[in-house]
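Q: below are the sequence and a predicted model; questions follow.
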Amino acid sequence: METSRFYYTENTGDAELSDWLTQCQQAFPAFGLFAMVAEQDLPQVSELQALCRDRQIALAGGVFPQLIWQDQLHARGILLYALRCNPSVLLLEDINDASGRPQPAALDRLTDFADASAEGGRLLTLFDGLVPNISSILQAVYAAIGDKVGYMGVAAGSERFQPMPCLFDNDRLVGNGVLAMRLPPTARIHLECGYSVPSELMPSTSSTGNRIEQIDWRPAFDVYVELVQRHYGVHISQENFYQHAVHFPFGVIRADGEVLVRIPVALQDDGALVCVGEIPPNSLLTVVHAIEPGDLSSAERLAKAVAQQQKEQALLFYCAGRRMHLGDQAVQEIQHLSRAVQPTQLAGALTLGEVGSAAASHFPLFYNATLVVIAGLCR
């Protein structure tokens, strides 16, 4: 019987975990582990690192708000995925300086690492979700190497958007950084969102990184309140902002018509809004209509894309903002997707953002509110 690529446990001292690792080492001559650790079990990262060092197993992974296992969300535990090809990994700490700008040496290392990929390969990136300029960092890499690689990945960290170390290898656990992995061309990413866009657009006349100061030359929060009231009939105030904002995210309209969702996560005293993901200056913005609870169309579209590929165990990532919006219906969407792609097995984690490539090229984009399946990591 083929060894499962996935293993879920709540304790690194689990005897069955030791047996599974032995089976993997016997089944996969070049063996590495991709690990997803639930935020509440952050202390177990050091134990997992020690276990892998003792067994001489290459380890790479991240800490996430919750895990997805057997079609349920788990606030505790460790989910392991066996990488039979043991890809090259780069872990960078403090990719930005104290002012929030990329450190040239770190950006050069990431670019050189990506450039060493095989032509047509894939660059999988795990970013600390609190890095405010993920899009700019990836676009700087793209400017240097073009379409040599395709881009895929997610953002790790705390659902409370508090700083914490969330990226690790065999020896280090770091924050404010990125973990990059070179993968073969067989690796594939499929994304779906399903949020709809009203016709009214306004320019972000002042924005810095993931912070919107002004929309249409006025305080961002004032305009946001008006847009939500006008299109959705909901009044947002300073008092109820954190209750409603996840349900009414911004949409950044790209020149090719694609919409990048940006979920507001903080309201500042000057009326500025802080989002997950950058808002380029002079972007065209709107407030998008989030998917309705019970709407399974995104899962169905994603399942069709996944079903066209070879059946295998694949990683499922689900935006934490989408889960906050849908509440208990998020599990229904996960279960519907899982049933639709059988016999492919899906497991993974909630994320703070997602990375994919634009449809017409490998140009990297940072998403919110998406469902993501990554398959074919190693063949």
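A: Arrived safely.

Q: please report how far residue 246 lies from residue 106.
A: Look at residue 246 and residue 106: by C-beta to C-beta, to the nearest Å, they are 31 Å apart. Every residue, glycine included, has its C-beta placed from N, CA and C.

Q: which non-adjacent residue is nearest the residue nearest the centre of the chain?
A: Nearest residue to the geometric centre of the chain (C-alpha atoms, centre = their mean): residue 154, 2.3 Å. Spatial nearest neighbour of residue 154, excluding adjacent residues (C-beta to C-beta, 6 or more residues apart in numbering): residue 351 at 4.1 Å.

Q: wait, that neighbour touches residue 63, no?
A: No. Using C-beta atoms under 8 Å, residue 351 makes no contact with residue 63, being 11.1 Å away.

Q: any weak-confidence spans in the stretch 251-379 of the chain?
A: Where the stretch 251-379 of the chain drops to pLDDT under 70, the residues are 309-311, 359-360, 379.

Q: hmm, who's touching the helix or strand hosting residue 252?
A: Using DSSP states H and E, residue 252 falls within strand 250-253. Strand 250-253 is contacted from outside by 195, 197, 201, 212, 224, 259-264, 275, 279-280, 283-288, using C-beta atoms under 8 Å, 6 or more residues apart in numbering.

Q: if we use 6 Å, what do you get?
A: For strand 250-253, the external contacting residues (C-beta atoms under 6 Å, 6 or more residues apart in numbering) are 197, 259, 260, 261, 262, 283, 284, 285, 286, 288.

Q: neighbouring strands for it, and are they parallel or not?
A: Strand 250-253 sits in its sheet next to strand 259-262 (antiparallel), strand 284-287 (antiparallel), going by DSSP bridges.

Q: and the next element down the chain from the last one?
A: Proceeding N to C from strand 284-287, the next assigned helix or strand is helix 297-307, under DSSP H and E.

Q: which element follows that following helix toward the C-terminus?
A: Next helix or strand after helix 297-307 toward the C-terminus (DSSP H and E): strand 314-319.

Q: okay, strands next: where are they in the stretch 101-250 of the chain?
A: 121-128, 149-156, 167-169, 173-174, 178-183, 188-192, 202-203, 206-208, 211-215, 218-219, 250-253 (DSSP state E, counting those that start in this stretch).

Q: any chance of those strands in TSV, with distance to residue 332 too?
A: Formatted as TSV, the strands of the stretch 101-250 of the chain follow (distance: least, C-beta to C-beta, whole Å):
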stretch	distance to residue 332
strand 121-128	27
strand 149-156	22
strand 167-169	31
strand 173-174	34
strand 178-183	31
strand 188-192	15
strand 202-203	34
strand 206-208	35
strand 211-215	32
strand 218-219	38
strand 250-253	24
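
Q: for these, which one sits closest to residue 114?
A: Residue 114 lies closest, by C-beta to C-beta, to one member of those: strand 121-128, at 4.9 Å.

Q: residues in contact with that closest one?
A: So strand 121-128 is in contact with 62, 114, 134, 149-153, 155-157, 166-167, 175-181, 183, 185, 187, 355, going by C-beta under 6 Å, 6+ apart.

Q: filter those to the buried ones?
A: 62, 114, 134, 149-153, 155-157, 166-167, 175-181, 183, 187, 355 (16 or more other C-beta atoms under 10 Å).

Q: and the residue nearest to the centre of the chain, how far is that from residue 318?
A: Look at residue 154 and residue 318: by C-beta to C-beta, they are 10 Å apart.
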